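> Return a 3D structure for these sequence lines:
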Amino acid sequence: MAFTAKDVAALREKTGCGMMDCKKALTASDGDMDKAIDFLREKGLAAAEKKSSRIAAEGATYACINAEGTVGVVIEVNAETDFVAKNASFQEFVSVCAQTVMEQNPADVEALLACTAAGSNETVDAILKEKILTIGENIKIRRFKRFEGFVGSYIHAGGKISVLVKFDTTPEIAAKDEFKIFAKDIAMHIAAANPGYLNKDTVPADIIDHEKKILTEQVVNSGKPANIAEKIVMGRIGKFYKENCLVEQEFVKDPDYSVQKYADKVGADLGGKIAIVDFARFEKGEGLEKRSDNFADEVASMIK
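Residues are numbered from 1 along each chain as shown. Down below sits the predicted model:
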């Protein structure tokens, strides 16, 4: 069956694949549109496997909450280049993944891939492979966190950093606009201050022991008497808590308050109490190996 340039364009519109890939698919399928789509999907599975070993440390983070403000999700999906993060198809996929986590509460990334994607009859894994084919880069769902309860969220710089925070308060307080503003402010603080822990109790003992050892050596080496070294070290441990524990940190929007005292103030103003229970802060590509592309070499290779 013969096919025309219009058929190639129509296949490209349906699948989002490149013109040459669409032409090859129609050639292999004797111009049959449905068979050509199947061909491209099968090709996509193979392409996804080939691309899966390539470094993906760009992409985006994303956070969202349901209409009631009682379930929230923060997620990171990586791609090979920052350019892809601005691709509408990629952004839609990230949103679908987050919505799927919100609705189905999978245990981990592997379980998420096996879920039927929100608003679709396909699995997340099948859609992922299709995105790899159409976008042309390795894409990986790296991590996600889901909270149930009263939550707030914040997305910084188009997905460079996303934050989700869980609070303990009453439904009456959580329903107020002032609480929603407060919840976003706390999420913004977390994005800016990057606390490592919620409070003193959540700092692992081995971390504190390590800090004490280093600080003690610093004090002793500075010539301070051993009998006052311990007091100096404990003072510096207090500073460590203030810098690294969320509730101990100075609130970025009003340094006269710690985050804890600001939460206490807002809770009292709203007629009750607010406690910060947990948080998750995802920064795009943190801790991942980055690609080291040489743009000049890449252009030169394309010209040859």
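> quick one: the helices in the stretch 51-200 of the chain?
Secondary structure of the stretch 51-200 of the chain by DSSP state H, counting those that start in this stretch: the helices cover 88-104, 109-114, 124-135, 171-174, 177-193.
> what is the mean pLDDT for the first one?
It stands for helix 88-104. Helix 88-104 comes out with an average pLDDT of 97.
> Name the residues that touch that helix?
Identification of contacts with helix 88-104 by Cβ atoms under 8 Å, 6 or more residues apart in numbering yields 16, 59-60, 62-64, 66, 71-75, 77, 79, 84-85, 106, 112, 115-120, 124, 127-128, 131, 134-135, 139, 141, 144, 146, 159. For glycine as for every other residue, the C-beta is placed from the backbone atoms N, C-alpha and C.
> Just the buried residues of those residues.
59-60, 62-64, 71-75, 77, 79, 84-85, 106, 112, 115, 117-118, 124, 127-128, 131, 134-135, 139, 141, 144, 146, 159 (16 or more other Cβ atoms under 10 Å).
> From the residues you listed, which land in strands?
With strands taken from DSSP state E, the overlap with the buried ones among the contacts of helix 88-104 comprises 60, 62-64, 71-75, 77, 141, 144, 146.
> quick one, whatever helix or strand residue 243 lives in and helix 177-193 angle?
In the assignment (DSSP states H and E), residue 243 maps to helix 226-244. For helix 226-244 against helix 177-193, the angle by axes from the mean of the first three to the mean of the last three Cα atoms, to 10 degrees is 120 degrees.
> Please point out which parts of stretch 154-173 sit buried.
154-156, 159-167, 169, 173.
> Ok, stretch 208-216 next?
For stretch 208-216, a neighbour-count test (16+ other Cβ under 10 Å) marks 211-212, 215-216 as buried.
> Check the offset of that stretch from the chain's centre.
Put simply, stretch 208-216 sits 32 Å off its chain's centre (Cα atoms, centre = their mean, to the nearest Å).
> And the contacts of it?
229-230, 232-233, 236-237, 240.
> Give me the neighbour count for the residue nearest to residue 66 when sequence neighbours are not counted.
Excluding the flanking residues, the one nearest residue 66 by Cβ to Cβ, 6 or more residues apart in numbering is residue 102, at 6.3 Å. Number of residues near residue 102 (other Cβ atoms under 10 Å) recorded here: 19.
> could you measure residue 102 against residue 216, distance?
The gap separating residue 102 from residue 216 is 47 Å, by Cβ to Cβ, to the nearest Å.
> Please apply the same query to residue 258.
Counting by Cβ to Cβ, the gap from residue 258 to residue 216 is 27 Å.
> Show me the strands in the stretch 201-304 of the chain, by range?
With DSSP state E, counting those that start in this stretch as the criterion, the stretch 201-304 of the chain has strands at 275-283.
> Would you mind listing where it has pLDDT under the threshold?
Per-residue confidence for the stretch 201-304 of the chain (pLDDT under 70) gives these ranges: 291-304.
> which stretches of it form helices?
Counting by DSSP H, counting those that start in this stretch, the helices of the stretch 201-304 of the chain are 205-221, 226-244, 259-269, 295-303.
> ranking the ones you listed by burial, who's on top?
helix 259-269 (a mean of 17; mean count of other Cβ atoms under 10 Å).
> Does anything pack onto that helix? Which helices or strands?
In this structure, helix 259-269 makes packing contacts with helix 177-193, strand 275-283, judged by 3 or more Cβ pairs under 8 Å, 6 or more residues apart in numbering; DSSP states H and E.
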